[in-house]
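Q: Kindly return the folded structure for what I paste below:
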Amino acid sequence: MGEVLQLSSSDSFRMTAWQSLRMWVLARAPLQRLEEPRKDQPKGWPLQVACAILGLILGGCGNVKRAPGEIVFLIDTNPANLDPRFATDGQSQRIDALIFDGLLERDAEMNLHGDLAESWEATDPLTYVFHLREGVKFHDGRPVTSADVKATFEYMMDGANRSPKRGAFRMVARVEAPDARTVIFRLKEPAAAFPLNTIRGVVGIVPADAGSDAGKKMIGSGASRFVSQAQDDAVVLERNGEWWGERQSTVDSSQLLVSEESEEKRLKVESLKLKGSDSGRSNPREEEEVGRRSIVRAHPLLETKAQRMGHPQELGGSPSERARVESPIGGESADQLGGAVEGVKVAASRRTPNRVTFRIVPDAIVRALELRKGSADVEMSSLSPDMIPVLAKQKDLMVSERPGTNYGYLGINFEDAVLAHREVRQALAYATDRESLVKYLLRGEAQLASGILPPNHWAYEGDVRKYGYDPQQAEKLLDAAGFARGADGVRFHVTLKVSTQEQARLIGAVLQDQWQKVGVALEVRPLEAATLFADLAKGNFQLSYSNWVGANTDPDVLGLVFSSKRFPPDGANRGHYRNARVDELTAAIAGEMDKEKRKELSSEVQKIVAEDVPYVSLWYVDVVSVHRKELGEIELTPTGEYGFLMGR
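A: Have a look, this model is predicted:
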């Protein structure tokens, strides 16, 4: 058992001092999010002032000494249950992905690759066969066999164990283990998305004899071993030097050619020769996945953000001086764009940190303080947009970022007499100035969305109807729908239900102002999360603001949210959207085994819902990490997993 970091008495005193200024900061900061700061008033100035005042109390911002290879990672919530057979919250699943292996893993485009399974195939629509890697061991030295996989899934499928993941395997009739390295899943009905339910983080394989106390022993086969957990304090992991994934890939050689793409300023790899033992990896994207731990990358947007944060000099003046390596998009081979790489760091020996302490710090301002004073090393997507530029200017900190997949949207209830009109729904989309919301409220840390599937997804369809800010077009549509302005200028009243989270309330306030310009009177009603989602499930709403987090990884989500067969509690079509063609297409998507055919079916669904507007698509929130410069550029995933801690 290792030590769990505790706050010293001096740290407790400092935190109390910080909390004394917290209400002042929070009272001032929201005002800065909805408008540009004055020329004499820098962005994020409340946090800067607070940090300056507390500088005397904190005794400077020097690094806190830690053992070589140790990382302190700040997270905002306590992992609810680290037993991978029960873990459903984000923090538990992300940490579990370090401790436990799944059968498969996914890449940035949501394509699947082998994890514990070296290969897999569907021999028919009702049968999936997985072939396990040889030589994989649990942390206690025992070999991982098909019996362990079978026992893990059967435990979750057994109603007596009350696993919340049981529903994900409702289509599984039985699991077979004919030999030590083969697992066969027999399904009751075709389910093309079934393999997605076997990926690392969603599923973690435990020993067959784990029983009900697996959450205490925490024995997996992943890159990290479990050391200890203290409720609401910390989770401690240490490197598993025997992890099969660390042995799996080696960099044979690399020949990197990079240049600047004129419009997007994207830097791509011209060629990358990688050597790995996974026979199932053959295309350029898959090869990049094998060797990703050997390359330092930065998202191309980092240049723009760094300049905005006041650090253009860090990226240099010429394209070659700014060179970073970015993985090819969509799996194709990167084109030769010309120019030689200068300053590209290839860390062939990059390995998993020796020790990672996940410290639970619920308050965002306290997390920012801990990073600033050097008592923590990294956080991920847990700070408000205003804090990022302030921290980026600290000499010991840097920012890594990339577009994410978490999808923000406005849900619409089709049972409402006003919102049942398609012209009204389209008008509300045109009346929403999403660019201003992203620029001023999210500080540019999001990408505009045209649908639930993100642009990096293999089934994404970009050729759909899009709704730029056009209040004149909104007015025409509302007139055509028969909703003329009254004497007071109001066409109708609607209510938007949001969570009590500050950002959600601010989004509602901005929409009030924007929609009033086209004659729509909007009432914003903040609710506690439990009450909000209970109302949504019951259909007790007109409009809602919410986010899909991690659900848009497979085209099956189109059926989950848009099929009329999936009203709650059987799905998430909370607005009771009905379209017979969408029902037909989403049913076909669920059973179609051919990927290209699934893509064609998904494309048609995306085009239809873009016209019908069951959701007003807002944005995909960026994944942003503030961390110590010593860590170098962090390889982020669009879904925000902690894979960089695995050295991958």
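Q: Show me which residues of stretch 621-637 are buried.
A: 621-628, 632-637 (16 or more other C-beta atoms under 10 Å). Where C-beta positions appear, they are placed from N, C-alpha and C, glycine not excepted.
Q: Apologies, that question was intended for stretch 113-127.
A: 113-118, 120, 122.
Q: Equivalent analysis for stretch 406-419, please.
A: 406-414, 416, 418-419.
Q: in this protein, which segments are predicted with low confidence?
A: Residue ranges of the chain with pLDDT under 70: 1-65, 215, 247-352, 648.
Q: longest strand anywhere in it?
A: Ordering each strand of the chain by length in residues (DSSP state E) puts strand 397-412 first.
Q: ok now it, how far from the chain's centre?
A: Chain-centre distance of strand 397-412: 7 Å, with C-alpha atoms, centre = their mean, to the nearest Å.
Q: Can you show me the CA trace of that strand as PDB?
A: These are the backbone C-alpha positions of strand 397-412, laid out as PDB (Å, rounded to 0.1, in the frame of the first residue of the first chain):
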ATOM      1  CA  LEU A 397       2.600  25.400 -17.100                       C
ATOM      2  CA  MET A 398       1.400  24.700 -20.600                       C
ATOM      3  CA  VAL A 399      -1.800  23.800 -22.300                       C
ATOM      4  CA  SER A 400      -2.600  20.800 -24.600                       C
ATOM      5  CA  GLU A 401      -5.900  20.700 -26.400                       C
ATOM      6  CA  ARG A 402      -7.900  19.100 -29.200                       C
ATOM      7  CA  PRO A 403     -11.500  19.000 -30.500                       C
ATOM      8  CA  GLY A 404     -13.700  16.800 -28.300                       C
ATOM      9  CA  THR A 405     -16.800  14.700 -28.900                       C
ATOM     10  CA  ASN A 406     -19.000  15.800 -25.900                       C
ATOM     11  CA  TYR A 407     -22.100  17.200 -27.600                       C
ATOM     12  CA  GLY A 408     -24.100  20.200 -26.400                       C
ATOM     13  CA  TYR A 409     -27.600  20.600 -27.700                       C
ATOM     14  CA  LEU A 410     -31.100  22.000 -27.100                       C
ATOM     15  CA  GLY A 411     -33.700  19.200 -26.800                       C
ATOM     16  CA  ILE A 412     -37.200  19.900 -28.200                       C
END
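Q: list the helices and strands it packs on?
A: helix 301-308, helix 387-392, helix 422-430, strand 543-548, strand 615-628 (3 or more C-beta pairs under 8 Å, 6 or more residues apart in numbering; DSSP states H and E).
Q: could I get these as a markdown table with distance to Leu536?
A: Below are the helices and strands packed on strand 397-412 laid out as a markdown table (distance: least, C-beta to C-beta, whole Å):
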| stretch | distance to Leu536 |
| --- | --- |
| helix 301-308 | 33 |
| helix 387-392 | 30 |
| helix 422-430 | 17 |
| strand 543-548 | 6 |
| strand 615-628 | 13 |
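Q: out of those, nearest to Glu134?
A: Proximity to Glu134 (C-beta to C-beta) singles out strand 615-628 among the helices and strands packed on strand 397-412, at 34.5 Å.
Q: Kindly format the C-alpha coordinates of the closest one as PDB.
A: Listed next in PDB are the C-alpha coordinates belonging to strand 615-628 (Å, rounded to 0.1, in the frame of the first residue of the first chain):
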ATOM      1  CA  TYR A 615     -32.200  18.800 -31.500                       C
ATOM      2  CA  VAL A 616     -30.700  22.300 -32.000                       C
ATOM      3  CA  SER A 617     -27.100  21.300 -32.300                       C
ATOM      4  CA  LEU A 618     -24.800  23.600 -30.500                       C
ATOM      5  CA  TRP A 619     -21.200  22.400 -30.200                       C
ATOM      6  CA  TYR A 620     -18.600  19.800 -29.300                       C
ATOM      7  CA  VAL A 621     -16.600  20.800 -26.300                       C
ATOM      8  CA  ASP A 622     -12.800  20.800 -26.700                       C
ATOM      9  CA  VAL A 623     -10.700  18.500 -24.500                       C
ATOM     10  CA  VAL A 624      -8.200  20.900 -22.700                       C
ATOM     11  CA  SER A 625      -5.500  20.000 -20.300                       C
ATOM     12  CA  VAL A 626      -3.400  22.400 -18.200                       C
ATOM     13  CA  HIS A 627      -0.200  20.600 -17.000                       C
ATOM     14  CA  ARG A 628       3.400  21.000 -16.000                       C
END
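Q: now stretch 163-173: how far from the chain's centre is it?
A: 23 Å.
Q: for that stretch, which positions count as buried?
A: Result for stretch 163-173 [16+ other C-beta under 10 Å]: buried residues 163, 165, 168-169, 171-172.
Q: tell me the two of those residues that are most distant?
A: Counting by C-beta to C-beta, the most remote pair of the buried residues of stretch 163-173 is Ser163 and Met171, 15.6 Å apart.
Q: Might one say that Ile634 is in contact with Gly643?
A: No: between Ile634 and Gly643 there is no contact under C-beta atoms under 8 Å: 9.9 Å.
Q: Look up the residues forming beta bridges with the residue lying closest to Glu121 once chain neighbours are set aside.
A: Spatial nearest neighbour of Glu121, chain neighbours left out: Val129 (5.6 Å); criterion: C-beta to C-beta, 6 or more residues apart in numbering. On the basis of DSSP bridges, Val129 is bridged to Glu121, Ile184.
Q: what's the neighbour count on Val129?
A: For Val129, the neighbour count with other C-beta atoms under 10 Å is 16.
Q: What residues does it make contact with?
A: Listed by C-beta atoms under 8 Å, 6 or more residues apart in numbering, the contact set of Val129 reads 120-123, 182-185.
Q: Now render those as TSV, adding distance to Arg505.
A: Output for these, formatted as TSV (distance: C-beta to C-beta, whole Å):
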residue	distance to Arg505
Trp120	46
Glu121	50
Ala122	47
Thr123	52
Thr182	53
Val183	48
Ile184	51
Phe185	45
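Q: Among the residues you listed, which pair sits farthest apart?
A: Taking C-beta to C-beta as the measure, the contacts of Val129 have their most distant pair in Ala122 and Thr182, spaced 14.4 Å apart.
Q: ok, and for stretch 190-201, which residues are buried?
A: 191-201.
Q: now do stretch 496-509
A: For stretch 496-509, a neighbour-count test (16+ other C-beta under 10 Å) marks 496-499, 503-509 as buried.
Q: Which ones among those lie within helices?
A: When DSSP state H is applied, the buried residues of stretch 496-509 are split such that 503-509 fall in helices.
Q: Determine the angle, from 0 to 180 degrees, between the stretch of helix or strand Glu600 belongs to and helix 422-430.
A: Taking DSSP states H and E as the definition, one finds Glu600 inside helix 595-612. Interaxial angle of helix 595-612 relative to helix 422-430 (axes from the mean of the first three to the mean of the last three C-alpha atoms, to 10 degrees): 100 degrees.
Q: got the CA coordinates for helix 595-612 in CSV?
A: Only the C-alpha atoms of helix 595-612 are listed here, as CSV (Å, rounded to 0.1, in the frame of the first residue of the first chain):
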residue,chain,number,x,y,z
LYS,A,595,-19.6,-0.9,-42.0
GLU,A,596,-19.9,0.9,-45.3
LYS,A,597,-23.6,0.1,-45.4
ARG,A,598,-24.0,1.3,-41.8
LYS,A,599,-22.4,4.5,-42.8
GLU,A,600,-24.8,5.0,-45.8
LEU,A,601,-27.8,4.4,-43.5
SER,A,602,-26.4,6.7,-40.9
SER,A,603,-25.8,9.4,-43.5
GLU,A,604,-29.5,9.4,-44.5
VAL,A,605,-30.6,9.6,-40.8
GLN,A,606,-28.4,12.6,-40.2
LYS,A,607,-29.8,14.4,-43.2
ILE,A,608,-33.4,13.8,-42.2
VAL,A,609,-32.9,14.9,-38.6
ALA,A,610,-31.0,18.1,-39.7
GLU,A,611,-34.3,19.1,-41.5
ASP,A,612,-36.6,18.0,-38.8
